[in-house]
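Colleague: Mind folding the following:
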Amino acid sequence: MTSDLQEARNVATVSSGNSKKESLTMVLDLSQSKQLKYLSLGVLVLQTTSLVLTMRYSRTLEEDEPRYLASSAVVSAEVLKIFACALLVFRENNFSLQGMSLLLKEQIVKKPVETLKLAVPAGIYTLQNNLLYVALSNLDAATYQVTYQLKILTTALFSVSMLGKRLGLYQWLSLVLLMAGVTLVQWPTETDEDTEQEVLTAGSQFVGVMSVLMACLSSGFAGVYFEKILKETKQSVWVRNIQLGLFSFMFGLVGMMAFDGESVRRSGMFQGYNTVTCAVVVLQGVFLGGGAGYCCHLSVQLRGQTCQQKRRQSVAREPREPRRLTGETAATLHTRSRTLETVSQTLARAAYDCRKCRSTSQLRGV
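Modeller: Model prediction:
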């Protein structure tokens, strides 16, 4: 009986030590997850801001040679995006070309229905990228950046209608404040100084604003549609980006030849390219496409880790139910208790006999 009690104490001590270690590990994981989340958010904000400023500068830069084609920049960015995602898939397969080729063949060629689902967001993203170039050619960077934040409103509305998400009161108030801020930015002002906003004609401003609004609608719908596809399948984010890039490349190439085919045949696809144009293409294709995919992949992982940690904490906080005894265990305990009772009675009788013998011997001695 004493050995059983000692064993139970040892088990309790070990379990308490393990629970403390698990709680410490969960705290460290949560802190690292928050740091990675904020780091990825900061990098994405830096990439987006630098892309907007660089695109605006490249579209307003005055040079002797003709300006580069926006459709050509979109196609080049999609090629770089496919190449960057292919390198990441190659890394995930332990730098094995055979493993990467087998994975791409299995996920893309042998699943044509799943691949064709990405044709819809690919076409919308291609349209959106071309609209962004039109908007930045007709709006200043500040107005474009603030107005383009309406994609948060469109994404929220499409998430409620397509994914069935529910928004809280503070979230709806934030969207209303966003609408008010965009309205104030577009409100006309009268100043004596010749600013960039006044230099732009009313027609170009209207074209730029309409391009931004159409880009916001397309961005919200395509983003929610792409999220729905990712939730329905278990394919890698990088493989999905490759599928998306292939369709975007085809749609962009068709659009370039349809609208700018004569210029391409006359001066080539890369006419007007310079260092700034190459920076725009790299930011849009490699950094923004790969960075957004990485942030999406990281957020899914962090969300899964956080859910698992919360589940473990809730399980640890739940009161444990008393152990239910089976029939065999109850019979064993009953037998042990009867044995202990018999032993205790025998010891009590022996002690009584010893006291009785001592008292008798003392009386005889007297």
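Colleague: what number of residues lie near Ala73?
Modeller: Per other CB atoms under 10 Å, the neighbour tally for Ala73 reads 26. Every C-beta, even on glycine, is put in place using the N, C-alpha and C of the backbone.
Colleague: and if you look at Val185?
Modeller: Val185 has 14 neighbouring residues, counting by other CB under 10 Å.
Colleague: which SS state does it fall under?
Modeller: When classified by DSSP: H, G, I helix; E, B strand; the rest coil, Val185 comes out as helix.
Colleague: same check, this time on Glu65
Modeller: Secondary structure state of Glu65, per three-state DSSP, is coil.
Colleague: Likewise for Ile229?
Modeller: Going by three-state DSSP, the secondary structure assigned to Ile229 is helix.
Colleague: Would you agree it is in contact with Leu116?
Modeller: No: taking contacts as CB atoms under 8 Å, Ile229 lies outside contact range of Leu116: 11.1 Å.
Colleague: Looking at these two, which one has more neighbours?
Modeller: Ile229 (18 against 11).
Colleague: I'd like the distance from the closest residue to that one other than its chain neighbours to Asp353, if you could.
Modeller: Of all residues not flanking Ile229 in the chain, Lys117 sits nearest, at 5.7 Å (CB to CB, 6 or more residues apart in numbering). To Asp353, Lys117 is 92 Å away according to CB to CB, to the nearest Å.
Colleague: The two - which one has more neighbours?
Modeller: Higher neighbour count among Lys117 and Asp353: Lys117, with 19 against 10, using other CB under 10 Å.
Colleague: Report pLDDT for that one.
Modeller: Predicted confidence (pLDDT) for Lys117: 89.
Colleague: returning to that earlier point: tell me the backbone dihedrals of the residue nearest to Ile229, please.
Modeller: Main-chain torsions, Lys117, degrees, to the nearest 10: phi -60, psi -30.
Colleague: next one: the one 5 residues further on
Modeller: For Ala122, the backbone dihedrals are phi -70, psi -50 (criterion: degrees, to the nearest 10).
Colleague: What count of nearby residues applies to the closest residue to it other than its chain neighbours?
Modeller: Spatial nearest neighbour of Ala122, chain neighbours left out: Phe247 (3.3 Å); criterion: CB to CB, 6+ apart. Neighbour count of Phe247, defined by other CB under 10 Å: 20.
Colleague: swap in the one 4 residues further on?
Modeller: Here the neighbour count serves as a burial measure; for Phe251 (other CB under 10 Å) it reads 21.
Colleague: give me every residue that touches it.
Modeller: Taking CB atoms under 8 Å, 6 or more residues apart in numbering, we find Phe251 in contact with Ala122, Gly123, Thr126.
Colleague: cutoff 6 Å now
Modeller: Applying CB atoms under 6 Å, 6 or more residues apart in numbering, one finds that Phe251 lies in contact with Gly123, Thr126.
Colleague: buried ones in the helix or strand hosting it?
Modeller: Here Phe251 sits within helix 237-267, counting by DSSP states H and E. Using 16 or more other CB atoms under 10 Å as the test for burial, helix 237-267 gives 237-253, 255-256, 260, 263-264.
Colleague: Could you do stretch 164-180 as well?
Modeller: By neighbour count on 16+ other CB under 10 Å, the buried set for stretch 164-180 is Leu175, Leu178.
Colleague: could you dump it to CSV, C-alpha only?
Modeller: Extracted in CSV, the C-alpha atoms of stretch 164-180 (Å, rounded to 0.1, in the frame of the first residue of the first chain):
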residue,chain,number,x,y,z
GLY,A,164,-20.4,34.2,-44.0
LYS,A,165,-18.1,36.1,-41.6
ARG,A,166,-19.5,38.3,-38.9
LEU,A,167,-18.1,41.8,-38.2
GLY,A,168,-18.3,43.4,-34.8
LEU,A,169,-19.5,46.9,-34.0
TYR,A,170,-16.0,48.4,-33.8
GLN,A,171,-15.1,46.8,-37.2
TRP,A,172,-18.1,48.4,-38.8
LEU,A,173,-17.3,51.8,-37.2
SER,A,174,-13.7,51.5,-38.5
LEU,A,175,-15.1,50.9,-42.0
VAL,A,176,-17.3,54.0,-41.7
LEU,A,177,-14.3,56.1,-40.6
LEU,A,178,-12.4,54.7,-43.6
MET,A,179,-15.1,55.9,-45.9
ALA,A,180,-15.1,59.3,-44.3
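Colleague: let's number from 14 now, not from 1
Modeller: Okay, using 14 as the starting number, the last item reads as stretch 177-193.
Colleague: Show me the contact partners of that stretch.
Modeller: Applying CB under 6 Å, 6+ apart, the external contacts of stretch 177-193 come out as Leu166, Ser172.
Colleague: what's downstream of the helix or strand that contains Ala99, the next helix or strand?
Modeller: Element membership for Ala99 (DSSP H and E) is helix 83-105. Counting by DSSP H and E, the next helix or strand C-terminal to helix 83-105 is helix 110-117.
Colleague: Flag every buried residue along that next one.
Modeller: Residues of helix 110-117 classed as buried by neighbour count (16+ other CB under 10 Å): Met113, Leu116, Leu117.
Colleague: Export those as a markdown table, with columns for distance to Val65.
Modeller: Formatted as a markdown table, these follow (distance: CB to CB, whole Å):
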| residue | distance to Val65 |
| --- | --- |
| Met113 | 34 |
| Leu116 | 35 |
| Leu117 | 33 |
